[in-house]
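K.L.:
Predicted structure and sequence below. I'll ask about it afterward.
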Amino acid sequence: MKKCVIFDLDGTLADTSGDLIAAANACFEGMGEAVRLDPATDAGVALRGGRRMLTEGLTRAGRMDEDVVDAWYPHLLEHYGAAIDTHTRLYDGAVEAVEALRGADYAVGICTNKPEALAQVLLERLGVRGLFGSLIGADTGPTRKPDVAPYWAAVEGCGGLREASLLVGDSDTDRKTAAAAGVPSVLVTFAPEGQAVRALNPEGVIDHFDELSGVVRRLIG
């Protein structure tokens, strides 16, 4: 069992917003709605997930209906899965940071609210699935973040120690998950939330992945 670093995926390891927004906009087109999400200004909406994108677009169109969101969510996943890595990119330094942690004998894994199968495909397409000892998605178990069960599953799945683990993320969801687990959180400022994550009072904040190793050593040794 090793000291352990668990990563969120969307908005933390990779900017997936462009492909997510494209999938949502394909749905709005299919509905016959004129509304479109903007990749430049709606990245934060995208990283909140598929249902959030559909809800936001329909609300802007004055047509919000939970039944419509439910009906179109599977279509969104289908569109997204068909073009999952067209615009997506790993954040600068992400691979090097994970490799450095592995080289220092930390266990590393992923806990994401993206469906597990889509996360698996994306990580394989990006060529980094082999860097992570565990991958827990929104549907791997009965609950998702901020519930602590997926986080603990990610820790245990990569051979990590619960009491010497932390979560790297980009949102209040990640902050709440870590707080519920009683472990430190490290939030990134290069996702759409930017410097606003500092107001969540995480135990650590990084502006670039080259800062991560030092913050991890400070928080869990």
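P.N.:
That came through fine.
K.L.:
Got the domain ranges for the chain?
P.N.:
Following automatic domain parsing, the chain resolves into domains at 2-15+89-220, 17-82.
K.L.:
okay, those domains in JSON lines with mean neighbour count and mean pLDDT next?
P.N.:
All C-beta spots, glycine's among them, are computed from the backbone N, C-alpha and C. Below are the domains of the chain laid out as JSON lines (neighbours: other C-beta atoms under 10 Å; pLDDT from 0 to 100):
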{"stretch": "domain 2-15+89-220", "mean neighbour count": "20", "mean pLDDT": "98"}
{"stretch": "domain 17-82", "mean neighbour count": "18", "mean pLDDT": "97"}
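K.L.:
tell me what the longest helix belonging to the chain is packed against?
P.N.:
If you go by DSSP state H, the chain has its longest helix at helix 66-82. Other helices and strands packing on helix 66-82, by 3 or more C-beta pairs under 8 Å, 6 or more residues apart in numbering; DSSP states H and E, are helix 17-31, helix 50-60, helix 116-125.
K.L.:
quick one, longest strand in this protein?
P.N.:
strand 160-169 (DSSP state E).
K.L.:
Mind giving me the packing neighbours of that one?
P.N.:
strand 2-7, strand 107-111, helix 148-157, helix 172-181, strand 185-188, helix 212-220.
K.L.:
Just send the ones you listed back as TSV, with distance to residue 91 too.
P.N.:
Shown next, in TSV, are those (distance: least, C-beta to C-beta, whole Å):
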stretch	distance to residue 91
strand 2-7	11
strand 107-111	14
helix 148-157	19
helix 172-181	15
strand 185-188	8
helix 212-220	11
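K.L.:
Residue 22 against residue 84, yeah?
P.N.:
No. When contacts are counted by C-beta atoms under 8 Å, residue 22 is not listed as touching residue 84 (10.0 Å).
K.L.:
one step back: which one of the helices and strands packed on strand 160-169 lies nearest to residue 44?
P.N.:
Closest approach to residue 44 among these (C-beta to C-beta): helix 172-181, 11.7 Å.
K.L.:
tilt between the closest one and strand 2-7?
P.N.:
150 degrees (axes from the mean of the first three to the mean of the last three C-alpha atoms, to 10 degrees).
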